[in-house]
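J.: Provided below are the primary sequence and the corresponding predicted coordinates.
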Amino acid sequence: MYPAHKSSRVVHLATAVLSALVISACSEAPQGQGGPSMPPAQVSINKVTTQSVPFNIELPATLAGDKEVEIRARVSGLIESRNFEEGQYVKAGRSLFTIELRPLQLELEKAEAELNAAKANVAQAKREKDRLERLKDERSVSKRDFDNAVSAYEVAIANLDSAKVALSEAQLDLEYAQVKAPVSGIMGREFVSQGSYVSGPTVLLSELTDTSMMRARFGFSEREQLAMRQDVENGTLSLPKNNEFNATIVLQDGSVYTHSGKVDFSDVRVNRFTGTSELQARINNPDGELRPGQFVRVRLSGAVRNNAIVLPQRAVLDNGTGKFVYIATENEQGMTVALPAPVEVGEWVNLDGKNMWVIRQGLTPGQPVIIEGMARIFFPGMPVAVSGEGE
């Protein structure tokens, strides 16, 4: 064992060394922090400004042909022939089906014969009327006989008019037997085959779709419409004249269809099941690339967001309870630190190929928002060094 005086010197020496280490550690800790000091994070900022930016809406839509026509026969009879190929493009006026013509031709010939007979009766009645009129002047015939002759002539003229109508009906039935295309478009499949009997317009023969112009139909929620109306009232949003938004079609692969159109219809009714009202845009489709029933997205443009604050999307962070940005500001000690500021975001906009958030609330013009270097900020209030303004 050590002597008592040597043990006491060892204890004093250990205490002195421990005290020196504690003092050294405390001198290296930054003011207000319990750990080792960290260099300021290098960041870039943007000063908050306002500007007018486009306001776009993108919604799911379904395409339909501009005209979708049911092909039906107006006369009864057997189908003699089908005069098209399924899926074929046909022009307006082309015969699609031919109903058995012979019975209708016979009806036409019968109507022509009855017209000729009516004309002969008119000629005979006129001659008789003229003859009795001369005898009446010579007082060789009674007034009653003359009146009967006049009536017979008038009846003959009426019968002639009726025969003309019957002939026109027979000609029209013969024309209807050709079952012609009312518009140009793409033929669907046949529903009744050649040789079948059709009982007039009650039987659907086929369908024809005009695809030269397409209709994009989509729903727009009442909640979003109310928000837009409020923005219009407070002056932060300007809509296109007569609400005629430009409509662009975005296909399933993300590509944008070449031709665009206009919104030309907005239903006043709100669907009580979905809470949306239906809108429609007409899109030119000269090459037939768009097809009826196709699911696409329609992008509506033409509105302007006024005096908007926009920030790069990377500058807006999410902590799980809401979105926020970092503001570069001086603390009480005069150091530049990063402080979080909660924000309310609106829609995305694309400016010069960059995706930006519209900030609806939380920021004011002139505030320095950190847009680069956020990954180096490990805790709110961390010192930062501003290297410049970002792009």
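T.: Perfect, thanks for sending it. Residues are numbered from 1 along each chain as shown.

J.: Look up how far residue 150 lies from residue 348.
T.: Computed with Cβ to Cβ, to the nearest Å, the distance linking residue 348 and residue 150 is 87 Å. Heads up, the C-betas are built off the backbone N, CA and C, glycines and all.

J.: can you count the residues close to residue 205?
T.: For residue 205, the neighbour count with other Cβ atoms under 10 Å is 21.

J.: any idea how far residue 317 is from it?
T.: In terms of Cβ to Cβ, residue 205 sits 63 Å off from residue 317.

J.: Kindly report the same for residue 147.
T.: 105 Å.

J.: Neighbour count: the two, which is higher?
T.: Legend: neighbour count by other Cβ under 10 Å for residue 147 and residue 317, higher for residue 317 (15 against 12).

J.: check contacts around the nearest residue to the more buried one once chain neighbours are set aside.
T.: Nearest residue to residue 317, sequence neighbours excluded (Cβ to Cβ, 6 or more residues apart in numbering): residue 324, at 5.7 Å. Counting by Cβ atoms under 8 Å, 6 or more residues apart in numbering, residue 324 makes contact with 316-318, 340-343.

J.: Which strand or helix spans residue 324?
T.: Using DSSP states H and E, residue 324 sits within strand 323-330.

J.: which strand is the longest one in this protein?
T.: Counting by DSSP state E, the longest strand found in the chain is strand 51-72.

J.: Point out the other helices and strands that it packs with.
T.: Applying 3 or more Cβ pairs under 8 Å, 6 or more residues apart in numbering; DSSP states H and E, we find strand 51-72 packed against strand 185-187, strand 204-221, strand 295-312, strand 344-351.

J.: I'd like the mean pLDDT over that strand, please.
T.: For strand 51-72, the mean pLDDT works out to 94.

J.: if we look at the helix or strand just after it, which residues are touching it?
T.: Heading C-terminal from strand 51-72, the first helix or strand you meet, by DSSP H and E, is strand 76-82. The list of residues contacting strand 76-82 from outside it, by Cβ under 8 Å, 6+ apart, reads 96-101, 103-104, 177, 190, 192-200, 205.

J.: In ChimeraX, how would I select the buried members of the residues you listed?
T.: Buried subset of those, written as a ChimeraX selection, criterion 16 or more other Cβ atoms under 10 Å:
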select :96,97,98,99,100,103,104,177,190,192,198,205
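
J.: Now, the contacts of strand 76-82 that are in helices?
T.: 103-104 (DSSP state H).

J.: Distance of residue 288 relative to residue 379?
T.: For residue 288 relative to residue 379 (Cβ to Cβ), the value is 60 Å.

J.: and those two? which has more neighbours close in?
T.: Taking neighbours as other Cβ under 10 Å, residue 288 and residue 379 compare with residue 288 leading, 11 against 8.

J.: can you confirm that one is in a helix?
T.: No: assigned with DSSP: H, G, I helix; E, B strand; the rest coil, residue 288 falls outside any helix and is coil.

J.: wait, it sits on residue 213?
T.: No: if you go by Cβ atoms under 8 Å, residue 288 and residue 213 don't touch, sitting 11.1 Å apart.

J.: Check the secondary structure at residue 223 for me.
T.: Under the three-state scheme (three-state DSSP), residue 223 adopts helix.

J.: How about it: what's its closest non-neighbour residue?
T.: Residue 223 sits nearest to residue 275 (Cβ to Cβ, 6+ apart), 7.1 Å away.

J.: For that neighbour, list the residues it contacts.
T.: 221-223.

J.: Return the subset of the contacts of strand 76-82 lying in strands.
T.: 97-99, 197-199, 205.
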